[in-house]
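**Q** Please find the sequence and the predicted model below.
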Amino acid sequence: MQTVLWILSILLIAAGLAGTVLPALPGIALVFVGIALGAWIDDFTRVSVFTVVICGLLTLAGWAIDYLAALMGAKRAGASGLALLGAALGTVLGLFGGLVGLLLLPLAGAALGQFITERNAQRAATVGLATWIGLMVGTVAKVVIACFMVGMFVLALVF
(Lines give C-alpha, C1' and ligand atoms only; values in the text may rest on other atoms or scores of the structure.)
Protein backbone atom coordinates (compact mmCIF):
# COMPACT_ATOMS: atom_id res chain seq x y z
CA MET A 1 0.00 0.00 0.00
CA GLN A 2 2.88 2.36 0.76
CA THR A 3 4.18 1.99 -2.78
CA VAL A 4 0.80 3.00 -4.19
CA LEU A 5 0.71 6.05 -1.93
CA TRP A 6 4.25 7.07 -2.97
CA ILE A 7 3.25 6.75 -6.62
CA LEU A 8 0.18 8.89 -5.93
CA SER A 9 2.36 11.47 -4.16
CA ILE A 10 4.75 11.65 -7.12
CA LEU A 11 1.86 11.86 -9.61
CA LEU A 12 0.27 14.70 -7.64
CA ILE A 13 3.54 16.61 -7.57
CA ALA A 14 4.13 16.02 -11.31
CA ALA A 15 0.57 17.07 -12.18
CA GLY A 16 1.00 20.10 -9.95
CA LEU A 17 4.20 21.13 -11.71
CA ALA A 18 2.39 20.86 -15.04
CA GLY A 19 -0.51 22.79 -13.54
CA THR A 20 1.70 25.76 -12.74
CA VAL A 21 1.67 26.54 -16.46
CA LEU A 22 -1.63 24.91 -17.45
CA PRO A 23 -4.49 26.97 -16.05
CA ALA A 24 -6.93 24.03 -15.97
CA LEU A 25 -5.02 22.39 -13.11
CA PRO A 26 -4.63 23.84 -9.61
CA GLY A 27 -0.87 23.43 -9.93
CA ILE A 28 0.68 24.69 -6.76
CA ALA A 29 -2.10 23.16 -4.66
CA LEU A 30 -1.48 19.74 -6.22
CA VAL A 31 2.24 20.07 -5.48
CA PHE A 32 1.40 20.82 -1.87
CA VAL A 33 -1.01 17.88 -1.55
CA GLY A 34 1.62 15.56 -3.03
CA ILE A 35 4.24 16.83 -0.57
CA ALA A 36 1.88 16.56 2.38
CA LEU A 37 0.96 13.02 1.34
CA GLY A 38 4.64 12.07 1.03
CA ALA A 39 5.36 13.48 4.48
CA TRP A 40 2.38 11.64 5.95
CA ILE A 41 3.35 8.31 4.33
CA ASP A 42 6.71 8.54 6.07
CA ASP A 43 4.99 9.60 9.33
CA PHE A 44 6.74 12.99 9.10
CA THR A 45 10.10 11.43 10.00
CA ARG A 46 12.12 12.67 7.02
CA VAL A 47 9.80 15.46 5.86
CA SER A 48 8.89 17.32 9.02
CA VAL A 49 5.64 19.03 9.89
CA PHE A 50 7.63 22.29 9.77
CA THR A 51 8.56 21.62 6.13
CA VAL A 52 4.93 20.88 5.28
CA VAL A 53 3.81 24.10 7.00
CA ILE A 54 6.41 26.11 5.07
CA CYS A 55 5.20 24.49 1.85
CA GLY A 56 1.62 25.37 2.83
CA LEU A 57 2.59 29.01 3.33
CA LEU A 58 4.41 28.99 -0.01
CA THR A 59 1.27 27.57 -1.61
CA LEU A 60 -0.79 30.47 -0.25
CA ALA A 61 1.87 32.94 -1.41
CA GLY A 62 1.85 31.35 -4.88
CA TRP A 63 -1.93 31.76 -5.17
CA ALA A 64 -1.76 35.35 -4.00
CA ILE A 65 1.12 36.26 -6.32
CA ASP A 66 -0.56 34.63 -9.30
CA TYR A 67 -3.80 36.49 -8.69
CA LEU A 68 -2.21 39.82 -7.83
CA ALA A 69 0.33 39.85 -10.67
CA ALA A 70 -2.36 39.65 -13.34
CA LEU A 71 -4.53 42.22 -11.58
CA MET A 72 -1.64 44.60 -11.05
CA GLY A 73 -0.63 44.38 -14.70
CA ALA A 74 -4.19 45.03 -15.77
CA LYS A 75 -4.80 47.75 -13.19
CA ARG A 76 -1.57 49.53 -14.09
CA ALA A 77 -2.84 49.82 -17.66
CA GLY A 78 -6.37 50.74 -16.56
CA ALA A 79 -8.06 47.56 -17.79
CA SER A 80 -11.81 47.30 -17.73
CA GLY A 81 -13.72 44.44 -16.16
CA LEU A 82 -14.45 43.15 -19.63
CA ALA A 83 -10.70 43.09 -20.39
CA LEU A 84 -10.12 40.94 -17.30
CA LEU A 85 -12.93 38.62 -18.32
CA GLY A 86 -11.46 38.45 -21.83
CA ALA A 87 -8.05 37.52 -20.40
CA ALA A 88 -9.63 34.76 -18.29
CA LEU A 89 -11.57 33.37 -21.25
CA GLY A 90 -8.48 33.62 -23.44
CA THR A 91 -6.54 31.63 -20.88
CA VAL A 92 -9.14 28.86 -20.83
CA LEU A 93 -9.39 28.77 -24.63
CA GLY A 94 -5.61 28.77 -24.81
CA LEU A 95 -5.61 25.29 -23.33
CA PHE A 96 -6.91 24.01 -26.64
CA GLY A 97 -4.36 25.94 -28.68
CA GLY A 98 -1.18 24.42 -27.30
CA LEU A 99 1.72 26.58 -26.20
CA VAL A 100 0.96 29.32 -28.72
CA GLY A 101 -2.64 29.46 -27.52
CA LEU A 102 -1.58 29.61 -23.89
CA LEU A 103 0.79 32.46 -24.65
CA LEU A 104 -1.32 34.55 -27.02
CA LEU A 105 -5.01 34.02 -26.24
CA PRO A 106 -4.96 35.74 -22.81
CA LEU A 107 -3.45 38.82 -24.48
CA ALA A 108 -6.00 38.69 -27.29
CA GLY A 109 -8.88 38.21 -24.86
CA ALA A 110 -7.84 41.16 -22.71
CA ALA A 111 -7.35 43.37 -25.75
CA LEU A 112 -10.71 42.36 -27.22
CA GLY A 113 -12.49 43.00 -23.91
CA GLN A 114 -10.89 46.43 -23.64
CA PHE A 115 -11.68 47.23 -27.28
CA ILE A 116 -15.35 46.36 -26.76
CA THR A 117 -15.38 48.68 -23.75
CA GLU A 118 -13.62 51.70 -25.30
CA ARG A 119 -13.41 51.16 -29.08
CA ASN A 120 -9.79 52.35 -29.03
CA ALA A 121 -7.40 49.88 -30.68
CA GLN A 122 -4.20 51.39 -29.28
CA ARG A 123 -5.57 51.42 -25.73
CA ALA A 124 -6.85 47.85 -26.16
CA ALA A 125 -3.41 46.69 -27.28
CA THR A 126 -1.76 48.40 -24.30
CA VAL A 127 -4.19 46.84 -21.83
CA GLY A 128 -3.86 43.43 -23.49
CA LEU A 129 -0.08 43.55 -23.30
CA ALA A 130 -0.04 44.75 -19.67
CA THR A 131 -2.51 42.07 -18.61
CA TRP A 132 -0.50 39.41 -20.44
CA ILE A 133 2.74 40.55 -18.80
CA GLY A 134 1.04 40.31 -15.41
CA LEU A 135 -0.18 36.79 -16.20
CA MET A 136 3.31 35.75 -17.29
CA VAL A 137 4.94 37.22 -14.17
CA GLY A 138 2.43 35.33 -12.03
CA THR A 139 3.08 32.10 -13.92
CA VAL A 140 6.85 32.43 -13.55
CA ALA A 141 6.45 33.13 -9.83
CA LYS A 142 4.25 30.01 -9.44
CA VAL A 143 6.79 27.86 -11.27
CA VAL A 144 9.64 29.14 -9.10
CA ILE A 145 7.67 28.62 -5.87
CA ALA A 146 6.54 25.12 -6.92
CA CYS A 147 10.09 24.11 -7.85
CA PHE A 148 11.36 25.47 -4.54
CA MET A 149 8.73 23.43 -2.70
CA VAL A 150 9.68 20.26 -4.59
CA GLY A 151 13.36 20.97 -3.87
CA MET A 152 12.64 21.31 -0.14
CA PHE A 153 10.70 18.03 -0.23
CA VAL A 154 13.44 16.13 -2.09
CA LEU A 155 16.18 17.52 0.18
CA ALA A 156 14.17 16.51 3.24
CA LEU A 157 13.72 13.00 1.86
CA VAL A 158 17.37 12.56 0.93
CA PHE A 159 19.05 14.19 3.91
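**A** Arrived safely.
**Q** For the rest of this, base every contact and every neighbour count on C-alpha atoms.
**A** Will do.
**Q** pLDDT at the nearest residue to Gly134 once chain neighbours are set aside, what is it?
**A** Distances taken as C-alpha to C-alpha, 6 or more residues apart in numbering place Ala70 nearest to Gly134, at 4.0 Å, with adjacent residues excluded. At Ala70, the pLDDT value in this model is 75.
**Q** Tell me which helix or strand Ala70 sits in.
**A** Per DSSP states H and E: Ala70 is located in helix 49-77.
**Q** any idea which helix or strand comes after that helix?
**A** Defined by DSSP H and E, the subsequent element after helix 49-77 is helix 81-94.
**Q** Any buried residues in that following helix, and which?
**A** Neighbour counts using 16 or more other C-alpha atoms under 10 Å place 82-94 of helix 81-94 among the buried residues.
**Q** quick one on the thing from earlier: for the helix holding Ala70, packing partners?
**A** helix 27-41, helix 121-158 (3 or more C-alpha pairs under 8 Å, 6 or more residues apart in numbering; DSSP states H and E).
**Q** okay, the angle between the helix or strand of the chain with the lowest mean pLDDT and helix 121-158?
**A** Lowest on mean pLDDT, DSSP states H and E among the helices and strands of the chain sits helix 81-94, with a mean of 85. For helix 81-94 against helix 121-158, the angle by axes from the mean of the first three to the mean of the last three C-alpha atoms, to 10 degrees is 50 degrees.
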